[in-house]
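>>> When you get a sec, could you give me coordinates for this:
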Amino acid sequence: MKPAYNNLEPKEINPLKSLDVWEDDTLQRYPDPNSISDGKATEAFRDYESTEKDNVREFYRLNHHYQTYQFVLDKKAEYLQFNKREMPFWDAFQFLNQLVDESDPDTDLDQFQHLLQTSEAIRRDGHPDWMVMVGLLHDMGKVLCLFGEPQWAVVGDTFPVGCAFSDKIVYAEFFKDNPDYHDPRYNTKYGVYTPNCGLKNVHMSWGHDEYVYHMAKDYLPESGLYMLRYHSFYSQHREHAYNHLMDEHDQEMFKWVDLFNPYDLYSKSPVAPNWSELKPYYEDLAAKYFPQTLKF
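Now for the predicted structure:
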């Protein structure tokens, strides 16, 4: 018998108008008055009708229903072989650009230009070049949508699976429909884990964060990998809901996640980066850290 998530209806695959709607909702949940958004008030980033909120709720209902421990293991087995596609490094961004968001009221920029804005904001503030590389790459995992993955398995706040779901996770009430919520193997505080076992031993919900982490793990320093893997883990780096699973090393490394978070959330601007001027720098940067081709 096939798992329920293999028999999804179209509305269960794409409940949002675009992937960016989730990011917009995150901006509204976590506004930062001291953001790096060129003086633009965070509350002005988005102006959607209230019906958009209904779509966000439906997105999280599906996410919280289907993101089970077994689902995560299945997706890791399927995608972490990186045998779907292989392409030159810079062609990968053109592939990602197929996810153009025509519903975005803030910008007409494509995915690559948004990533450039993030990386340029990091570079402008004088951070190490590997962190600039993280800014450029952090949303590359959204290509999962182009391989047929539903939106709720690509974006969304991430969280551990295999243990009780925290009530600090957005729309936590929807977890009551998750099979793991009723499974004694997974519904206790520690579940399949042990106290302060370290996040390296914890399975996170499946999505673009986990995917791009595994794609980059052989090429970037550990601090950058924490940024990639946990940049959507808001219940921890905003609410500290999973301290009981983290070890001392995780606590130290999450300083890097906290440093990256504002650049991820607040760097979007309607002004397009000048790629012709930036291209030599980024070509050298990519050649420093990554091979000429990427495997997906």
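>>> residue nearest the centroid of this structure?
Most central in the chain under CA atoms, centre = their mean is Asp209, positioned 4.0 Å from the mean C-alpha point.
>>> Give me the contact list for the host helix or strand of that residue.
Using DSSP states H and E, Asp209 sits in helix 208-216. Here helix 208-216 makes contact (CB atoms under 8 Å, 6 or more residues apart in numbering) with 76, 79-80, 82, 137-142, 144, 154-155, 158, 204, 224-225, 228-233, 290, 294-296. Placement of C-beta: from N, CA and C, glycine included.
>>> Quick check: what element follows that helix along the chain?
helix 222-230.
>>> packing partners for the next helix or strand after that next one?
From helix 222-230 onward toward the C-terminus, using DSSP H and E, the following helix or strand is helix 234-237. Using 3 or more CB pairs under 8 Å, 6 or more residues apart in numbering; DSSP states H and E as the contact test, the elements touching helix 234-237 are helix 248-266.
>>> buried set for the helix it packs on?
Neighbour counts over helix 248-266 (16 or more other CB atoms under 10 Å) mark Asp250, Met253, Phe254, Trp256, Val257, Phe260, Asn261, Pro262, Tyr263, Asp264, Leu265, Tyr266 as buried.
>>> ok, and the closest non-adjacent residue to the residue nearest to the centre of the chain?
Spatially, and ignoring its direct neighbours in sequence, Asp209 is nearest to Ser232 (5.0 Å; CB to CB, 6 or more residues apart in numbering).
>>> Who are the contact partners of that neighbour?
Taking CB under 8 Å, 6+ apart, we find Ser232 in contact with Val155, Gly156, Asp157, Thr158, Gly207, Asp209.
>>> Mind checking which of those are buried?
Buried members of those, scored by 16+ other CB under 10 Å, are Val155, Gly156, Asp157, Thr158, Gly207, Asp209.
>>> Any stretches of the stretch 101-250 of the chain with poor pLDDT?
Scanning the stretch 101-250 of the chain with the threshold set as pLDDT under 70 gives 101-108.
>>> Please enumerate the strands of the stretch 1-150 of the chain.
86-88 (DSSP state E, counting those that start in this stretch).
>>> Report pLDDT for the spatially closest residue to Tyr230 that is not a sequence neighbour.
Distance criterion CB to CB, 6+ apart; nearest residue to Tyr230, sequence neighbours excluded, is Val257 at 5.0 Å. Note for Val257: predicted pLDDT of 97.
>>> pretty sure Val257 is touching Tyr226, no?
Yes: using CB atoms under 8 Å, Val257 is in contact with Tyr226, at 5.5 Å.
>>> Show me what counts as buried in stretch 154-171.
For stretch 154-171, by 16+ other CB under 10 Å, it's 154-163, 165-166, 168-171.
>>> now do stretch 226-245
Across stretch 226-245, burial judged by 16+ other CB under 10 Å covers 226-237, 241-242, 245.
>>> Also stretch 193-203?
Buried residues in stretch 193-203, counting neighbours by 16+ other CB under 10 Å, are found at Tyr193, Cys197, Leu199, Val202, His203.
>>> What does the residue nearest to Leu146 when sequence neighbours are not counted show for phi and psi?
Spatial nearest neighbour of Leu146, excluding adjacent residues (CB to CB, 6+ apart): Gln98 at 5.9 Å. Backbone torsions of Gln98, given as degrees, to the nearest 10, read phi -70, psi -10.
>>> can you count the residues close to Gln98?
A count of neighbours around Gln98, defined by other CB atoms under 10 Å, yields 11.
>>> Mind pulling up the pLDDT for it?
Listed pLDDT for Gln98 reads 89.
>>> Tell me the spacing between it and Leu19.
Note on Gln98: its distance to Leu19, by CB to CB, to the nearest Å, is 12 Å.
>>> With Pro280 instead?
Note on Pro280: its distance to Leu19, by CB to CB, is 30 Å.
>>> Those two: which has the busier surroundings?
Leu19 (20 against 9).
>>> Could you report the pLDDT at the more buried one?
Looking at Leu19, its pLDDT is 84.
>>> got a list of what Ser119 touches?
By CB under 8 Å, 6+ apart, the residues touching Ser119 are Val132, Met133, Val134, Gly135, Leu136, Tyr282.
>>> I'd like to know how far the residue nearest to Asp209 sits from Ser276.
32 Å.
>>> before we move on, back to that, which single one of the buried residues of stretch 226-245 is nearest to His64?
For the buried residues of stretch 226-245, the residue nearest His64 by CB to CB is Ser235; the value is 12.2 Å.
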